[in-house]
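S.K.: Quick one, structure for this:
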Amino acid sequence: MGDGLIVIGAGGHAKVVVSTIFAAGMTVTAIYDDDKEKWGGEILGCKILGPLSMIDFSSGESAIMAIGNNYVRMRLASRFEKLDWVTIIHPEAYVHSSVHIGTGTVVFAGAVIQPDAFIGNHCIVNSGATIDHDCVIGDYVHISPGANLAGDVKIDEGAFLGIGSAAIVGITVGKWTTIGAGGVIIHDIPPNAVAVGVPAKAIKYKENLSVY
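M.R.: Presented below is the predicted three-dimensional model:
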């Protein structure tokens with residue numbers, strides 16, 4: 001890893017990512033975002049230099065994405081695979097030594113990840129989320145603040161678990177499914193669904209992943 005990280009994305013989520021970088025004892029070299037209205041601004045004292053096209057993606061620079069949209073993270077990770085994607089864990093998170101955490105994943109303050117859990121690449125384990133023993137979290141998953149997973153839960157690639165949602169032991173949530181805020185998952189949820197309620201039930205299915 002070099003002297004600092006480049007951060008991709010300058011929305012509200014980036015504020016938490018940057019603060020987590022600082023808490024982990026790292027520094028930020030620059031922030032990039034394609035929204036020109038953000039250029040020249042700052043996030044927690046770090047300059048937003050300009051669009052992603054300014055980055056030398058063949059340089060192998062150390063980088064992290066500060067983008068909440070799972071589909072966008074997947075697209076950028078594939079496009080810019082030569083960057084050195086790092087893993088960042090807030091020092092106030094608890095992560096058992098047996099846990100696997102993939103590259104590009106960020107674990108925020110107050111999160112708890114218990115023994116033998118597996119977390120994929122470019123995931124977000126947000127503030128105060130809990131992931132119990134033997135859970136398997138696929139790539140590009142976002143576990144929102146305060147979400148709670150019991151043991152042996154499987155969350156497949158690209159799924160989004162809304163704030164305060166929960167899953168009982170042994171449940172599977174399919175690829176690119178969205179669980180609404182406060183949803184309680186007591187049955188498996190199929191891929192590409194939007195599920196809400198207590199218990200969570202699929203109310204529709206996605207046709208265009210890029211809007212989620």
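
S.K.: Point me to the residue sitting farthest from the middle of this protein.
M.R.: Distance from the centre of the chain peaks at residue 40, with 25.8 Å (C-alpha atoms, centre = their mean).

S.K.: wouldn't residue 76 be in contact with residue 64 here?
M.R.: No. In this structure, residue 76 is not within contact of residue 64 by C-beta atoms under 8 Å, at 11.2 Å. Yep, even glycine has a C-beta here, placed from its N, CA and C like the rest.

S.K.: rewinding a little: what residues are up against the residue farthest from the centre of the chain?
M.R.: Applying C-beta atoms under 8 Å, 6 or more residues apart in numbering, we find residue 40 in contact with 47-48.

S.K.: Residue 76 and residue 64: which has the busier surroundings?
M.R.: Ranked by neighbour count (other C-beta atoms under 10 Å), residue 76 and residue 64 place residue 64 first, with 28 against 22.

S.K.: measure the more buried one to residue 119 for me?
M.R.: From residue 64 across to residue 119, the span is 15 Å (C-beta to C-beta, to the nearest Å).

S.K.: domain parsing for this protein?
M.R.: The record assigns the chain these domain ranges, following automatic domain parsing: 5-85, 88-204.

S.K.: Quick check: longest helix in the chain by residues?
M.R.: helix 12-23 (DSSP state H).
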